[in-house]
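K.L.:
Let me see the structure of the following:
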Amino acid sequence: MNKKKGGKRVTKKQLVERLQTFFQENPNETFSFKQIFRALRLVTHPAKMLAIDTMEEMAWDDYLSKVSENSYRLNLKTQVQEGTFVRKANGKNSFLPDDGGTPVFVSERNSMYALNGDRVKVAYMARREKHIKEAMVVEILSHKRDQAVGRLRVEKDYAFLVTEGNIFVHDIFVPKKKLKGGKDGDKAVVKITQWPSKESKNMVGEVIDVLGKEGDNNVEMHAILAQYGLPYKYPKAVEDAAEKIDPTITPDEIKRREDFRDVFTCTIDPKDAKDFDDALSIRKTKNGLWEVGVHIADVSHYVTEGSIIDKEAMKRATSIYLVDRTIPMLPERLCNFICSLRPDEEKLAYSAIFEMDDNANIKKFHIAHTVIKSNRRYAYEEVLDILQQCEAKPSLRKTIENAEMLCTLARLSQILRERRFKGGAVRFDREELHFDIDEKGKPIRAYFKKSNQATQLIEEFMLIANKWVAESVGKVKKGVKAKTLPYRIHDQPDPTKLEALREFVVKFGYKMKTAGTKGAISRSLNTLMDECQGKREQNLIEIVALRSMMKAKYSTHNIGHYGLAFEYYTHFTSPIRRYPDTMVHRLLTRYQDGGRSASQDKYEELCEHCSDMEQVAQQAERDSIKYKMVEFMADKLGQCFDAHISGIQSYGIYCEIDENHCEGMVPMRDLDDDYYDFDEKNYCLVGRRHHHKYQLGDAVRIKVARANIEKRQLDFTLADDDE
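P.N.:
Presented below is the predicted three-dimensional model:
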């Protein structure tokens with residue numbers, strides 16, 4: 001640039017381009033005004049003033065960083081960032097930065113047709129006055145999924161896959177020769193071969209699997225799994241590898257282990273369980289203490305790191321429990337036979353062994369590889385029956401087989417439970433919806449499973465084992481770095497959500513602490529839960545309180561588990577169905593053998609993957625419940641039921657039927673007696689003219705209007721008083 005040109009009147013647009021070029025060519029340096037004027041040869045006072053104003057704007061747009069009053073540098077952090085694209089059906093797409101920053105709006109025209117979950121690179125756009133910050137997708141780094149599930153629409157000259165939800169912008173075009181025998185109306189899985197681009201918004205794909213006719217139970221369950229990219233078949237090569245595993249327990253292997261085969265041991269599980277990955281043993285020691293063994297299937301003995309079985313288990317990260325089936329993490333031969341702690345069979349276990357007094361105070365603890373032999377496989381219902389009989393008539397403890405042992409375990413577990421709540425654990429006993437289904441998979445009964453003495457017996461011993469195992473690695477002397485371990489962590493509730501909860505419950509006359517120690521807050525939450533028991537607003541307060549809670553996840557960076565009030569907590573007790581437990585077993589074995597700490601980066605990455613897969617599995621499980629709800633209610637159209645409002649959105653009211661817990665929605669268009677405003681803070685809809693209020697938790701009478709199996713959606717209308 002010559003001086004003469006610098007003296008010319010420079011426009012703002014030219015100056016922006018020059019400044020952008022200059023800073024991009026020197027991305028890591030800070031420049032003073034003087035250096036910038038010299039480099040851009042700005043010599044006149046108006047040009048310099050314009051440059052200062054322009055840089056001020058560029059800093060406000062996050063393009064530049066203001067280092068001091070008279071110096072700037074390129075803002076690398078926010079100028080271009082990588083992260084995840086979130087597609088919304090209403091067009092309010094957003095970008096989630098990898099660094100966990102706040103989501104940023106991406107309009108459809110700036111999305112490059114990215115799909116939900118895609119990894120993208122974005123550039124932040126110059127912020128317009130009084131407008132929100134916006135990002136523009138500049139590159140799609142990788143697609144979250146290259147498969148889609150939906151219904152085939154086959155016409156004379158062309159075919160499409162019609163997908164549900166907001167994952168895809170458009171239907172997927174399928175050339176007729178790529179239909180793989182799929183017919184009109186079939187559910188199918190399609191692999192995408194051509195992505196949307198500037199040239200063509202169309203996506204093109206080919207059928208890789210025809211699932212079958214819509215509405216068929218098997219087809220629908222497979223479709224739910226395929227929708228989330230989850231496996232619905234087990235790879236033959238992995239099953240073949242499992243078939244080759246020798247289940248024989250050699251005398252040498254027994255010598256290396258602590259022998260519990262002669263100690264009373266039992267498993268307690270749901271009546272339809274097939275994989276028994278935990279067992280309890282109990283015996284009185286010479287010094288009058290109770291020795292309780294929490295014995296866990298020794299999966300890592302059979303599944304070696306890096307093997308074909310291990311790689312598949314790692315990819316799946318969890319077993320998935322749909323209403324009518326389990327999609328196991330491990331091949332069936334391992335999870336239901338070799339590793340499963342079946343009765344009257346010698347099994348290898350990894351055990352947390354406690355010595356405790358009559359008040360459940362733990363005097364000694366150690367972890368050991370063991371060999372066990374379960375005396376009995378109990379269902380929860382059987383144990384509950386024995387406990388209730390013995391409570392009513394204590395003399396039965398001597399006559400019912402194993403009753404003495406079971407009653408002792410139950411008594412110790414209840415002491416542990418009370419101590420946990422006194423220590424600040426949060427008391428949330430949310431019931432789970434279950435269905436009884438016939439041989440064709442059709443639901444014939446819907447009911448809630450409630451927590452009871454038998455389920456609590458198992459739960460408390462599993463919790464205490466997970467806690468002490470985590471402490472054995474994580475709790476070290478000051479100044480000593482703990483070895484790497486995957487923890488199950490649960491952060492404190494979001495303070496703003498807690499404050500919103502406090503403001504909300506005060507309207508019902510309840511008090512709640514939102515400041516103070518962790519224990520004080522959780523005790524205050526428990527008091528609230530106890531005080532609203534049996535009241536009309538109980539359900540409502542429980543829902544709102546749950547929403548203030550963070551989600552638990554896996555991490556090598558321990559922050560404790562708020563909900564359980566444990567400083568150290570891990571997952572050790574279910575390696576058959578959860579990959580993190582297998583990781584923990586391997587690391588414990590390594591450290592017991594004197595091994596060095598494992599790579600934290602490697603295990604943190606695995607923790608993130610397992611947390612992600614857990615979320616996906618939960619979504620699929622919820623979808624299978626929704627599908628069964630719709631199927632269960634499909635023959636009850638026009639019938640009326642008592643219900644309560646279980647959710648409120650700007651587009652309608654969710655209602656849960658009291659007798660069978662099926663949930664449906666009354667769309668806003670059906671509330672035609674008034675214009676309703678959505679009061680998000682107070683979880684209600686309020687009529688403008690008549691001021692009629694629909695509040696979360698309110699009792700209502702509903703009529704079943706529509707049951708859309710394809711969308712897994714139940715529609716209700718509010719019934720008239722006389723219906």
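K.L.:
in the longest helix belonging to the chain, what's buried?
P.N.:
Looking across the chain with DSSP state H, the single longest helix is helix 600-633. When burial is assessed from 16 or more other C-beta atoms under 10 Å, helix 600-633 yields the following buried residues: 603-604, 606-607, 609-611, 613-614, 617, 620-621, 623-633. C-betas here are computed from N, CA, C, even on glycine.
K.L.:
Let me know the next secondary structure element after it.
P.N.:
strand 640-649 (DSSP states H and E).
K.L.:
buried stuff in that next one?
P.N.:
Cys640, Phe641, Ala643, His644, Ile645, Ser646, Ile648.
K.L.:
Out of these, flag the one nearest to Gln695.
P.N.:
Within the buried residues of strand 640-649, the smallest distance to Gln695 is 6.7 Å, found for Ile645 (C-beta to C-beta).
K.L.:
show me what contacts Ile282?
P.N.:
Val263, Phe264, Trp290, Glu291, Val292, Gly293, Met405, Thr408, Leu409 (C-beta atoms under 8 Å, 6 or more residues apart in numbering).
K.L.:
go again using 6 Å as the cut-off
P.N.:
Val292, Met405, Leu409 (C-beta atoms under 6 Å, 6 or more residues apart in numbering).
K.L.:
which phi and psi does it have?
P.N.:
phi -150, psi 140 (degrees, to the nearest 10).
K.L.:
Can you give me the distance of it to Pro270?
P.N.:
The gap separating Ile282 from Pro270 is 22 Å, by C-beta to C-beta, to the nearest Å.
K.L.:
for the chain, which spans come out with low pLDDT?
P.N.:
1-8, 24, 27, 76-79, 89-90, 125-131, 165-170, 198, 429-431, 721-723 (pLDDT under 70).
K.L.:
centroid residue for it?
P.N.:
Gln615 (2.6 Å; C-alpha atoms, centre = their mean).
K.L.:
Now it. Nearest residue, chain neighbours left out?
P.N.:
Lys551 (7.8 Å; C-beta to C-beta, 6 or more residues apart in numbering).
K.L.:
helix/strand/coil for that neighbour?
P.N.:
coil (DSSP: H, G, I helix; E, B strand; the rest coil).
K.L.:
With distance to Asp99 as added columns, please give the buried residues of strand 640-649 in TSV.
P.N.:
Shown next, in TSV, are the buried residues of strand 640-649 (distance: C-beta to C-beta, whole Å):
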residue	distance to Asp99
Cys640	52
Phe641	48
Ala643	44
His644	42
Ile645	39
Ser646	36
Ile648	34
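K.L.:
Which one of the residues you listed is nearest to Leu587?
P.N.:
For the buried residues of strand 640-649, the nearest to Leu587 is Ser646 (41.7 Å; C-beta to C-beta).
K.L.:
In which helix or strand does the nearest residue to that closest one once chain neighbours are set aside reside?
P.N.:
Distances taken as C-beta to C-beta, 6+ apart place Glu656 nearest to Ser646, at 4.0 Å, with adjacent residues excluded. In this structure, Glu656 sits in strand 652-657 according to DSSP H and E.
K.L.:
Show me which positions of that strand end up buried.
P.N.:
In strand 652-657, counting by 16+ other C-beta under 10 Å, buried: Gly652, Ile653, Tyr654, Cys655, Glu656, Ile657.
K.L.:
Max pairwise distance over the residues you listed: which two?
P.N.:
Longest span within the buried residues of strand 652-657, C-beta to C-beta: Gly652 and Ile657, 16.0 Å.
K.L.:
how much space between Ser413 and Val294?
P.N.:
Ser413 is 11 Å from Val294, by C-beta to C-beta.
K.L.:
Same question for Phe435, what's its three-state structure.
P.N.:
Per three-state DSSP, Phe435 ends up strand.
K.L.:
who's in contact with it?
P.N.:
Phe435 makes contact with Val323, Pro443, Ala446, Lys628, according to C-beta under 6 Å, 6+ apart.
K.L.:
Which residue ranges of the stretch 301-450 of the chain form strands?
P.N.:
For the stretch 301-450 of the chain, the strands defined by DSSP state E, counting those that start in this stretch cover 320-322, 325-327, 346-356, 362-373, 376-379, 432-437, 443-449.
K.L.:
what about Arg153, distance to Arg87?
P.N.:
Counting by C-beta to C-beta, the gap from Arg153 to Arg87 is 22 Å.
K.L.:
Give me the more crowded residue out of those two.
P.N.:
Between Arg153 and Arg87, Arg87 has the larger neighbour count (other C-beta atoms under 10 Å), namely 22 against 15.
K.L.:
ok, back up a step: higher neighbour count, Ser413 and Val294?
P.N.:
Val294 (26 against 23).
K.L.:
Please, which helix or strand holds that one?
P.N.:
Applying DSSP H and E as the criterion places Val294 in strand 290-297.
K.L.:
Which of the residues in that strand are classified as buried?
P.N.:
Buried, per 16+ other C-beta under 10 Å, within strand 290-297: Trp290, Glu291, Val292, Gly293, Val294, His295, Ile296, Ala297.
K.L.:
quick one: which of the residues you listed is nearest Tyr562?
P.N.:
Looking across the buried residues of strand 290-297 and measuring by C-beta to C-beta, the closest to Tyr562 is Val294, at 23.3 Å.
K.L.:
what's the spacing between the closest residue to the closest one other than its chain neighbours and Asp310?
P.N.:
Nearest residue to Val294, sequence neighbours excluded (C-beta to C-beta, 6+ apart): Ala465, at 4.0 Å. The gap separating Ala465 from Asp310 is 23 Å, by C-beta to C-beta.
K.L.:
what about these two, which has more around it?
P.N.:
More crowded of Ala465 and Asp310, by other C-beta under 10 Å: Ala465, with 26 against 20.
K.L.:
residues touching Phe23, list them.
P.N.:
Leu74.
K.L.:
That one sits in which helix or strand?
P.N.:
Going by DSSP H and E, Phe23 is part of helix 12-25.
K.L.:
Buried residues, the helix or strand just after that helix. List them.
P.N.:
Next helix or strand after helix 12-25 toward the C-terminus (DSSP H and E): strand 30-32. Buried residues in strand 30-32, defined by neighbour count with 16+ other C-beta under 10 Å: Phe31.
K.L.:
For strand 30-32, which strands pair with it and how are they oriented?
P.N.:
Using DSSP bridges, strand 30-32 pairs in its sheet with strand 71-74 (antiparallel).
K.L.:
Contacts for the partner strand, please.
P.N.:
Phe23, Pro27, Thr30, Ser32, Met55, Leu64, Ser65, Lys66, Val67.
K.L.:
what's the burial count for the residue lying closest to the third one once chain neighbours are set aside?
P.N.:
By the measure of C-beta to C-beta, 6+ apart, the closest residue to Thr30 outside its immediate chain neighbours is Arg73, 4.3 Å from it. For Arg73, the count of nearby residues is 17 (other C-beta under 10 Å).
K.L.:
Also Asn287?
P.N.:
There are 9 residues near Asn287, going by other C-beta under 10 Å.
K.L.:
Now do it against Lys92, distance only.
P.N.:
Taking C-beta to C-beta, one finds Asn287 at 66 Å from Lys92.
K.L.:
circling back: who are the contact partners of the residue nearest to Val294?
P.N.:
Per C-beta under 6 Å, 6+ apart, neighbours of Ala465: Val294, Ala352, Thr573.
K.L.:
just checking, it is part of a helix?
P.N.:
Yes: using three-state DSSP, the assignment for Ala465 is a helix.
K.L.:
how close does it get to Ala313?
P.N.:
Ala465 is 21 Å from Ala313, by C-beta to C-beta.
K.L.:
Go ahead and list the helix or strand containing Ala188.
P.N.:
strand 186-194.
K.L.:
next SSE after that strand?
P.N.:
Downstream of strand 186-194, the next assigned helix or strand under DSSP H and E is strand 203-213.
K.L.:
Pull out the buried residues from that following strand.
P.N.:
For strand 203-213, by 16+ other C-beta under 10 Å, it's Met203, Val204, Gly205, Val207, Asp209, Val210, Leu211, Gly212.
K.L.:
Correct me if wrong: the last one contacts Val219.
P.N.:
Yes: when contacts are counted by C-beta atoms under 6 Å, Gly212 is listed as touching Val219 (4.0 Å).
K.L.:
which residues in the stretch 1-150 of the chain form strands?
P.N.:
For the stretch 1-150 of the chain, the strands defined by DSSP E, counting those that start in this stretch occupy 30-32, 64-68, 71-74, 80-86, 93-97, 104-106, 119-124, 135-142, 147-154.
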